[in-house]
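[1] task: produce atomic coordinates for the following.
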Amino acid sequence: MAPRTGTAESSATARVVLLTLSAGQFLMALDSSVMNVSIATVAEDVGTTVSGIQGAITAYTLVMAMFMIPGGKVGALIGRKRAFLIGCCIYGAGSLTTALAPNLPVLLLGWSFLEGIGASLILPAIVALVAGNFVAERRPAAYGLVAGAGAVAIAVGPLIGGVATTYFSWRWVFAGEVLVVLGILVLARRIADAPIGERKRIDLVGVVLSALGLGLFVYGVLRSGEWGWFQPKPDAPSWLGISLVVWLMLAGLLLIWLFLRWEARLVEQRKEPLLDPAMLQNKQLTGGLTMFFFQYLVQMGVFFVVPLYLSVALGLSALQTGARLLPLSVTLLAAAVLIPRFLPDVSPRRVVRLGVLALLAGAVILMAALDADAGAEVVTVPMLLIGLGMGALASQLGAVTVSAVPEEQSAEVGGVQNAITNLGASIGTALAGSIMIAALASSFLTSVEQNPSIPDSVKSQATVKIQSGVPFVSDAQLKTALDEAGTSSEVAQAALDANAAARLDGLQAALAILALAALLAMFFTHRIPTTQPRSAVP
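    Sure, this is the predicted structure:
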């Protein structure tokens, strides 16, 4: 039988294709973490506030979430490679615009909108192009390396952002992205594309419903820390006494339900849907998507909590914080590449279960290791375990989801898969953040209330302040604020001790909820197949 169309013909070509697609995945993930350590600097440079830059980061996530499913369909209609190249051009234009941005509106145009639209075309296309360029036996390793590149980008993003901001300028990060995009465009000629089927019109109603549904839900999740999950925080928007977050999420779910009903109607009328609802009845596909959701929920929660511990609780610099995360990258890449290479016939379900157990063990060990005397070294073993778990999952899940459907649907699977991972990442960050702040506030108030050296008037003021929103601050930041307020040394020391203890309580509570999420994921691993997907051709 003739070789399959679109499969990379030689190992040299395969390496170039893999490098190209991995570079694309690295860039898409880098923007989620690279500027987190430089928010204040960027805000000052473009003449806005920290909230303005945080809004830009939120908007980038939002645009990706809204257009990921339509982006996958575009790839199916015009060709995966063409969608990938167009997405790279749009993303590169966004990076250049951001690098030159003189103010916040231009920054929003480049970073949030253009890069978000580019990513929504690139990420689904990457999933489909891996399927089109590698036979089934080689896909787990290919997907593992591509997914690993994205996770490494999130891990080293703070380090890259810290180096650029400290020694050069944050603008060089985006200028560097333009150069990487140019390199990708040059190398992309080696990528083979699957033949395009019959040209059909895109379902515009489905685009609007899916974009609004996912957008409203994700926006609600992203605003949960500021507005409150259920009980509205002071001055936060609400309706019928309930936080607007709940209503946004409910509206999003309603629109997603209407979207699926609309798609089912199109299928009944033999018209082309944006997404075939029958795909979501596929046990293997939904199993893979569920595990992707939990992986990114735990992964992004960890990437939120650990840097906070290192940079705020221990006072490490951005460079030192990034260096402490590097062990995660080592075991992640090792597992993602070596498991498919040396265990090509291993049960995907077994690997996924061991990966989830590694995530659980890493979160539990870190939670137990955090105490007042702990140093930065306590994160090393947990980072190695969490990286191992992430790499194990990355080595299997991509092949599991794509092999669950015919290859012509791989682009649509890519769109749904990236929408799910985006959703998991958003919920993971928001959940870890809200649990951490809630536990911190409760612990701090308890310590203050039980301390007889703190006057009742100060306790009353502390209660009011914390109910309005408690910040996660370092000892140095709190000491400065207390000195400016003219607080006595005895009260100041009591507040510092309470803050240090509450900070650890908050971090441990966040890690506990992430460990619980990893444990919950174990109940869904039965949907993962026990045998590796195999190509239909020799």
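
[2] return the residues in contact with Met66.
    120, 210-212, 214-215, 218 (CB atoms under 8 Å, 6 or more residues apart in numbering). C-beta: built from backbone N, CA, C; applies to glycine.

[3] try 10 Å
    116-117, 120, 207, 210-216, 218-219, 419, 422 (CB atoms under 10 Å, 6 or more residues apart in numbering).

[4] now name the helix or strand holding it.
    helix 50-78 (DSSP states H and E).

[5] for the next helix-or-strand element following that helix, list the C-alpha coordinates in PDB.
    Scanning forward in sequence from helix 50-78 by DSSP H and E, the next helix or strand is helix 80-99. Output of helix 80-99 as PDB, limited to C-alpha atoms (Å, rounded to 0.1, in the frame of the first residue of the first chain):
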ATOM      1  CA  ARG A  80      -4.200  23.100   8.100                       C
ATOM      2  CA  LYS A  81      -0.900  24.300   6.900                       C
ATOM      3  CA  ARG A  82      -2.400  27.500   5.400                       C
ATOM      4  CA  ALA A  83      -4.300  28.200   8.600                       C
ATOM      5  CA  PHE A  84      -1.000  27.700  10.500                       C
ATOM      6  CA  LEU A  85       0.900  30.100   8.200                       C
ATOM      7  CA  ILE A  86      -1.800  32.700   8.300                       C
ATOM      8  CA  GLY A  87      -2.000  32.400  12.000                       C
ATOM      9  CA  CYS A  88       1.700  32.900  12.300                       C
ATOM     10  CA  CYS A  89       1.600  36.000  10.100                       C
ATOM     11  CA  ILE A  90      -1.200  37.500  12.300                       C
ATOM     12  CA  TYR A  91       0.600  36.600  15.500                       C
ATOM     13  CA  GLY A  92       3.900  38.100  14.200                       C
ATOM     14  CA  ALA A  93       2.100  41.300  13.300                       C
ATOM     15  CA  GLY A  94       0.600  41.300  16.800                       C
ATOM     16  CA  SER A  95       4.000  40.800  18.400                       C
ATOM     17  CA  LEU A  96       5.600  43.600  16.300                       C
ATOM     18  CA  THR A  97       2.700  45.900  17.200                       C
ATOM     19  CA  THR A  98       3.100  45.100  20.900                       C
ATOM     20  CA  ALA A  99       6.900  45.700  20.800                       C
END
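
[6] can you list the neighbours in contact with the helix or strand following helix 80-99?
    Sequence-wise, the next helix or strand downstream of helix 80-99 (DSSP H and E) is helix 104-107. Residues from elsewhere that reach helix 104-107 (CB under 10 Å, 6+ apart): 42-43, 45-49, 52-53, 55-56, 59, 97-101, 174.

[7] neighbours of the closest residue to Leu354 other than its chain neighbours, just the number please.
    Spatial nearest neighbour of Leu354, excluding adjacent residues (CB to CB, 6 or more residues apart in numbering): Ala392 at 5.9 Å. Residues lying near Ala392 (other CB atoms under 10 Å) number 27.

[8] residues in contact with the closest residue to Thr97 other than its chain neighbours?
    Of all residues not flanking Thr97 in the chain, Gly110 sits nearest, at 2.9 Å (CB to CB, 6+ apart). Gly110 is in contact with 56, 91, 93-101, 174, counting by CB under 10 Å, 6+ apart.

[9] could you do Ala334 as well?
    148, 384, 387-388, 391.

[10] likewise for Thr401?
    127, 131, 143, 282, 284-289, 291-292, 410, 413-414, 416-417, 420.

[11] which ones among these map onto helices?
    Applying DSSP state H to those, the entries found in helices are 127, 131, 143, 284-289, 291-292, 410, 413-414, 416-417, 420.

[12] look up how far Met367 lies from the residue nearest to Leu354.
    Distance of Ala392 to Met367, given as CB to CB, to the nearest Å: 21 Å.

[13] please apply the same query to Asp345.
    From Asp345 over to Met367 the distance is 36 Å, taken as CB to CB.

[14] between those two, who's got more neighbours?
    Ranked by neighbour count (other CB under 10 Å), Asp345 and Met367 place Met367 first, with 18 against 8.
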